[in-house]
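Colleague: let me see the structure of the following:
(2 chains)
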Amino acid sequence: MNRRHTDREYEGELESLRERVLLMGAHVEEVLALAMRAYVDRNVLLARGTIELDSTIDQLELEIDEAAIQILARRQPVASDLRFITTTLKLVTDLERMGDLGVNICERVAELGADRSESPQDPIPRIADVAQGMVHDALDAFVAGDAVKANQVIDRDKAVDAYYAQLYPELLPRMMSNPNVVFESTRLLSIGKSLERLADHATNIAEMVVYMVKGQDVRHSGQASHQ
Amino acid sequence: MSSASSQSKISRPHQRKGSSSDDKSRWDEVSVSTVVPKMRTTDLHAYFGQVEVLKGISLQIAEKQVTAVIGPSGCGKSTFVRCLNRMHEVIPGARATGQVLLDKQDIYQGDVDAVRVRRRVGMVFQKPNPFPTMSIRDNVLAGLRLNGERPEDPDAVVEKMLQRVALWDEVKDILGRAGTGLSGGQQQRLCIARSLALEPEVLLMDEPCSALDPIATARVEELIHELRKSYTIVIVTHNMQQAARVANFTAFFYLGKLIEHDRTDVIFTRPKEQRTEDYITGRFG
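Modeller: Numbering: from 1, shown residues only, chains lettered A, B, ... in the order given. Model (predicted):
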């Protein structure tokens, strides 16, 4: 994709589509950042305000789908253009779901309210750090067409899975010893689950970027190698 | 050769047997290097006078498959297919060097009869060219008669060939009318029937649909899907979507050289060469 199309209008259509995907990605990152700030600060007002932002993401999904379908119908893209369009069509579905997960986190923050229990260490921020980093780098890899960076994102999913796996064993003794923290802990588990799913979607995007750049489908590669 | 009875009637262009899921051959995980070649060129050079238009083409043409040759104007794709049945040399000043094998025989060896080669490797041209003074029936038989053959049952040959190109139902009641009175698409199928009457093994098609409307094009493409069960087909086309639709393999030519030759699905989704990528995505020139 390093050279420009002879048909400048077509080039412009692809560029416009790419810019809208980036805009959608930026909104998703913003929602996630605000959701986590609302969580850390226990800021219910910020959480409720952040939920409102999701409609922009949903609208962009519709616009991007429509633009991609128009290009498929009118330009019959092939090779790298085809891979870009098909990647875009799949990627926006993941982005939209990521926005929804940000909303889910905000809803849990709103349920938690301003109070928090005294706990030795909050496990949520460390999961959020890795998951948000994956989202950022997956989008960076898409922009730059960087398969190496995309593969690094894929590799980091295991860390999030491991953190999430530790979450329940960490919270369970607290819940058993103090029934007053059960309500809060179940919300933390839910937020942890949202972050784990977020990392999965970032992984999906990274896998699509590898396909877009190299034409190589790396999804389910673990399962495929066992067949 | 397939029998006339095995040929499908073409009622609607989109009902393509060739694109159905039971047609495994098109999407098999075969590679260019593993196919059985019906023809093979090695270091093929072609010239018009001093001008070299093909610069060492080595390419295998897979048996009973469709190979599309694509590339910008002047890349040598038409010259290439004309070298495959020794049509290139009929142009004054034109010559070719290198090897062109049909099965295991080099068709450029001194003792090979060019007329015999052209019977085994038939050709269909860009513009439908039925003989204007002949009826539909006589057009089908024209190739045979020009070769001095008189079939025992000419009517059976006419029906069989017109069935084979799915034209029989449309013309069976007007066989005595002039071939030029048919529509462009029907004329092109008539010309294909004329080529098939000589029982070729390979069929070369040079832009066979460029003068046809989309419906007539779809009928010819459907015919190509059918014919490849019995014939090896090489199609030159400027229409890359057509190559994507009909060809099992695609070869990209540029400035007289073969740049890339691979399965069509590979060429159109993940070509290996940057020049192929640039050409098929419209980043050329």
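Colleague: what sits against residue 141?
Modeller: Reading this off chain A. Contact analysis of A:A141 by CB atoms under 8 Å, 6 or more residues apart in numbering or on different chains lists A:A147, A:K149, A:A150, A:V153, A:I205, A:A206, A:V209. For glycine as for every other residue, the C-beta is placed from the backbone atoms N, C-alpha and C.
Colleague: wrong one, chain B
Modeller: B:L141 sits in contact with B:P151, B:P154, B:V157, B:V158, B:A197, where contact means CB under 8 Å, 6+ apart.
Colleague: and which of those is nearest A:R4?
Modeller: Closest approach to A:R4 among these (CB to CB): B:A197, at 49.5 Å.
Colleague: that closest one touches B:M161, doesn't it?
Modeller: Yes: counting by CB atoms under 8 Å, B:M161 is a contact partner of B:A197 at 5.0 Å.
Colleague: overlap in contacts, those two.
Modeller: The contact sets of B:A197 and B:M161 overlap at B:V140 (CB under 8 Å, 6+ apart).
Colleague: what residue ranges in chain A score low on pLDDT?
Modeller: Low-confidence segments of chain A (pLDDT under 70): A:1-2, A:117-120, A:222-227.
Colleague: PyMOL command for the buried members of the contacts of B:L141?
Modeller: Provided next is the PyMOL selection string for whichever of the contacts of B:L141 are buried by 16 or more other CB atoms under 10 Å in any protein chain shown:
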select buried, chain B and resi 154+157+158+197
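Colleague: out of the contacts of B:L141, which comes closest to B:V36?
Modeller: For these, the minimum distance to B:V36 (CB to CB) is 26.0 Å, reached by B:A197.
Colleague: what pLDDT does the closest one get?
Modeller: B:A197 carries a pLDDT value of 95.
Colleague: hey, where'd the helices end up in the chain?
Modeller: No chain was given, so I picked chain A. Assigned by DSSP state H, the helices in chain A fall at A:8-41, A:44-52, A:54-75, A:79-112, A:124-144, A:147-177, A:182-214, A:221-224.
Colleague: look at chain B instead
Modeller: Using DSSP H, helices in chain B cover B:77-83, B:114-120, B:136-146, B:154-164, B:168-171, B:184-196, B:214-227, B:240-246, B:264-269, B:274-280.
Colleague: distance to A:Q132 added to those, as JSON lines?
Modeller: Formatted as JSON lines, those follow (distance: least, CB to CB, whole Å):
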{"stretch": "helix B:77-83", "distance to A:Q132": "52"}
{"stretch": "helix B:114-120", "distance to A:Q132": "67"}
{"stretch": "helix B:136-146", "distance to A:Q132": "72"}
{"stretch": "helix B:154-164", "distance to A:Q132": "64"}
{"stretch": "helix B:168-171", "distance to A:Q132": "66"}
{"stretch": "helix B:184-196", "distance to A:Q132": "59"}
{"stretch": "helix B:214-227", "distance to A:Q132": "50"}
{"stretch": "helix B:240-246", "distance to A:Q132": "41"}
{"stretch": "helix B:264-269", "distance to A:Q132": "33"}
{"stretch": "helix B:274-280", "distance to A:Q132": "35"}
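Colleague: out of the helices of chain A, which gets nearest to B:V171?
Modeller: Smallest distance to B:V171 across these (CB to CB): 35.9 Å, for helix A:54-75.
Colleague: same for the closest one, what does it pack against?
Modeller: helix A:8-41, helix A:79-112 (3 or more CB pairs under 8 Å, 6 or more residues apart in numbering or on different chains; DSSP states H and E).
Colleague: show residues contacting that helix.
Modeller: Against helix A:54-75 from outside (CB under 8 Å, 6+ apart): A:10, A:13-14, A:16-17, A:20-21, A:23-24, A:27-28, A:31, A:77, A:81, A:85, A:88-89, A:92-93, A:95-96, A:99-100, A:102-103.
Colleague: so A:V78 sits right up against B:F252, yeah?
Modeller: No: look at A:V78 against B:F252 with CB under 8 Å: they stay out of range, at 12.0 Å.
Colleague: so what sits against both of these two?
Modeller: Joint contacts of A:V78 and B:F252 (CB under 8 Å, 6+ apart) are B:I280.
Colleague: have a look at these two and say which one is more surrounded.
Modeller: A count of neighbours by other CB atoms under 10 Å in any protein chain shown puts B:F252 above the other of A:V78 and B:F252, at 27 against 20.
Colleague: show me what residue of chain A gets nearest to chain B.
Modeller: With CB to the nearest CB, the shortest gap between chain A and chain B falls at A:G215, namely 2.8 Å.
Colleague: what parts of chain A come near chain B?
Modeller: A:3-7, A:10, A:76-83, A:214-216 (CB under 8 Å from any CB of the partner chain).
Colleague: if you set the cut-off to 6 Å instead, what comes out?
Modeller: Residues of chain A lying near chain B by CB under 6 Å from any CB of the partner chain: A:R3, A:H5, A:T6, A:D7, A:Q76, A:V78, A:A79, A:D81, A:G215.
Colleague: could you pull up the residues touching the fourth one?
Modeller: This points to A:D7. Contact partners of A:D7, counting by CB atoms under 6 Å, 6 or more residues apart in numbering or on different chains, are B:G282.
Colleague: how about a cut-off of 10 Å?
Modeller: Residues in contact with A:D7 (CB atoms under 10 Å, 6 or more residues apart in numbering or on different chains) are A:E13, A:R75, B:G282, B:R283.
Colleague: try the fifth one
Modeller: When the contact criterion is CB under 10 Å, 6+ apart, the partners of A:Q76 are A:L82, B:M240, B:Q241, B:A244, B:F268.
Colleague: buried residues in stretch B:58-69, which are they?
Modeller: B:L59, B:Q60, B:I61, B:A62, B:E63, B:K64, B:Q65, B:V66, B:T67, B:A68, B:V69.
Colleague: stretch B:211-227 too?
Modeller: Result for stretch B:211-227 [16+ other CB under 10 Å]: buried residues B:211-212, B:216-227.
Colleague: convert it to PDB, retaining C-alpha atoms only.
Modeller: Backbone C-alpha positions of stretch B:211-227 (Å, rounded to 0.1, in the frame of the first residue of the first chain) are rendered in PDB as follows:
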ATOM      1  CA  ALA B 211     -16.900  -7.000 -27.700                       C
ATOM      2  CA  LEU B 212     -19.800  -8.600 -25.700                       C
ATOM      3  CA  ASP B 213     -22.300  -7.200 -23.300                       C
ATOM      4  CA  PRO B 214     -22.300  -8.500 -19.700                       C
ATOM      5  CA  ILE B 215     -25.000 -11.100 -20.300                       C
ATOM      6  CA  ALA B 216     -23.300 -12.500 -23.400                       C
ATOM      7  CA  THR B 217     -20.000 -12.400 -21.400                       C
ATOM      8  CA  ALA B 218     -21.500 -14.400 -18.600                       C
ATOM      9  CA  ARG B 219     -22.700 -17.000 -21.100                       C
ATOM     10  CA  VAL B 220     -19.200 -17.300 -22.600                       C
ATOM     11  CA  GLU B 221     -17.700 -17.500 -19.100                       C
ATOM     12  CA  GLU B 222     -20.200 -20.200 -18.200                       C
ATOM     13  CA  LEU B 223     -19.100 -22.000 -21.400                       C
ATOM     14  CA  ILE B 224     -15.500 -21.700 -20.400                       C
ATOM     15  CA  HIS B 225     -16.300 -23.400 -17.100                       C
ATOM     16  CA  GLU B 226     -17.900 -26.300 -19.000                       C
ATOM     17  CA  LEU B 227     -15.200 -26.500 -21.700                       C
END
